[in-house]
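In: all I have is the shape, not the residue letters:
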């Protein structure tokens, strides 16, 4: 086997390194933290090992996919929305890919810790996913497996696309591709249809998958989570029926999802147009967070004074009747005061930014419940 053509290592990789902590594993192999022996405290890289002795269906097919992923990564490696790529190495038993270390792990791991993500964060992440897809599609690359597990978080503000093992470069003369690949719950209808009915599909298949990923973030569970059998999911998707999502989201995000889940791929909007719409939504929902927090902090002092003053008055009124309501009065007034504060603080923004106001209201409720649980401020 000629391995030289399969080896490419960036100069930025450490010369002497060893495999450290096991970060993940799957049918493809294992991912390890790469340890620089000269600087063992640096956590900058990971190595993805594909065990050639254990692959199914064949070593040749796996090497073909490995080389295709390498080819695509070399094209995409400079973009801010693509996981940093630092090279490959191959032996008779192991094919390795070297990447930058994304400390927060995958998007699905991130939302699993939180239960689900709020709408503002979902929109911000969806925008970044579309930025990555715009870059791919302009280079005539279809990802074909967009989902939370294949999106990595550099930090809470920045994410990157990864796992290009089944991605495809579409030649200029090619209408599309017909191979059924991807993960069923995130597949577009044109990909899920049986081979006898399957039409050529193209970049629009990734758009449906982005919609499924947004639903994944909002609900905190996989798309079509109420259906257990994968075959039943394939039938549902193949019929053009999208996954369900909460009716509590804003009209703006609901409209975006409706467009992403257009069953006819020819009528489904491309990544560039959807990115423009998401940018518009984010501009409309922009508020000066620092100013809002400052106003809230100042008003909370007034709330505290009102809580103490009103508590004293009500307890005086209830004293003759020997009603021991001090704790409950304190809780109720505090809750009422804080919610009134949030609504009044956002009054000027409520009509123009309803979903932002709703998200802040949710955060405020959690704050209030935590305060009630741990004791009202004295």
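Out: Received the coordinates, thanks. Computed from a prediction, not measured in an experiment: that's the story for all the values here.
In: what about the biggest strand by length in the chain, average pLDDT?
Out: Identified as the longest strand of the chain according to DSSP state E is strand 17-26. Strand 17-26 shows an average pLDDT of 89 in the prediction.
In: ok, stretch 108-127 next?
Out: 92.
In: in that stretch, which residues are buried?
Out: By 16 or more other Cβ atoms under 10 Å, the buried positions in stretch 108-127 come out as 108, 110-111, 117-127. C-beta: built from backbone N, CA, C; applies to glycine.
In: what distance separates the start and the end of that stretch?
Out: Distance between the two ends of stretch 108-127: 17 Å, counting by Cα to Cα, to the nearest Å.
In: same deal with stretch 133-144?
Out: Taking Cα to Cα, stretch 133-144 runs 11 Å from one end to the other.
In: likewise stretch 131-150?
Out: This stretch, stretch 131-150, spans 15 Å end to end (Cα to Cα).
In: what comes up buried for it?
Out: For stretch 131-150, by 16+ other Cβ under 10 Å, it's 131-137, 141-150.
In: tell me who's in contact with residue 80.
Out: 131, 158, 160 (Cβ atoms under 8 Å, 6 or more residues apart in numbering).
In: ok, so of the residues you listed, who is nearest residue 277?
Out: Ranked by distance to residue 277 (Cβ to Cβ), the contacts of residue 80 are led by residue 131 at 13.2 Å.
In: do you know how far residue 22 is from residue 34?
Out: From residue 22 across to residue 34, the span is 12 Å (Cβ to Cβ, to the nearest Å).
In: who has more neighbours out of these two?
Out: Using other Cβ atoms under 10 Å, the more surrounded residue of residue 22 and residue 34 is residue 34, with 23 against 10.
In: pretty sure that one sits in a helix.
Out: No: assigned with DSSP: H, G, I helix; E, B strand; the rest coil, residue 34 falls outside any helix and is strand.
In: where does the chain have its least confident helix or strand?
Out: Within the chain, confidence by mean pLDDT, DSSP states H and E is lowest for helix 289-318 among all helices and strands, at a mean of 51.
In: run through the stretch 151-300 of the chain and note the low-pLDDT ranges.
Out: Applying pLDDT under 70 to the stretch 151-300 of the chain flags residues 165-182, 194-200, 285-300.
In: just so I have it, where are all the helices in it?
Out: Assigned by DSSP state H, counting those that start in this stretch, the stretch 151-300 of the chain shows helices spanning 189-192, 204-219, 230-238, 251-260, 271-284, 289-318.
In: contact partners of the third one?
Out: With contact meaning Cβ under 8 Å, 6+ apart, helix 230-238 is reached by 184-185, 187-189, 192-194, 224, 227.
In: give the buried residues for it.
Out: 233-234, 236-238.
In: same deal with the fourth one?
Out: Residues 252-253, 256-257, 259-260 are the ones in helix 251-260 that count as buried (16+ other Cβ under 10 Å).
In: that one - contacts with which helices or strands?
Out: helix 119-138, helix 204-219, helix 271-284 (3 or more Cβ pairs under 8 Å, 6 or more residues apart in numbering; DSSP states H and E).
In: turn those into a markdown table, columns for distance to residue 47.
Out: What follows is the helices and strands packed on helix 251-260, written out as a markdown table (distance: least, Cβ to Cβ, whole Å):
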| stretch | distance to residue 47 |
| --- | --- |
| helix 119-138 | 23 |
| helix 204-219 | 26 |
| helix 271-284 | 31 |
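In: related to what we said a few turns ago, export the buried residues of stretch 108-127 to a markdown table and tack on distance to residue 59?
Out: Formatted as a markdown table, the buried residues of stretch 108-127 follow (distance: Cβ to Cβ, whole Å):
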| residue | distance to residue 59 |
| --- | --- |
| 108 | 30 |
| 110 | 34 |
| 111 | 36 |
| 117 | 40 |
| 118 | 46 |
| 119 | 46 |
| 120 | 47 |
| 121 | 42 |
| 122 | 41 |
| 123 | 43 |
| 124 | 42 |
| 125 | 37 |
| 126 | 38 |
| 127 | 40 |
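In: out of those residues, which is nearest to residue 30?
Out: Nearest to residue 30 among the buried residues of stretch 108-127, with distances taken as Cβ to Cβ, is residue 108, at 18.5 Å.
In: am I right that that closest one is in a strand?
Out: No: per three-state DSSP, residue 108 lies outside any strand segment and is helix.
In: pretty sure it sits against residue 147.
Out: Yes: with contact defined as Cβ atoms under 8 Å, residue 108 and residue 147 form a contacting pair (7.5 Å).
In: residues shared between the contacts of these two?
Out: In contact with both residue 108 and residue 147: residue 216, using Cβ under 8 Å, 6+ apart.
In: identify the residues contacting residue 268.
Out: Taking Cβ under 8 Å, 6+ apart, we find residue 268 in contact with 204, 207-208, 259-260, 262.
In: so it versus residue 113, what's the distance?
Out: 32 Å.
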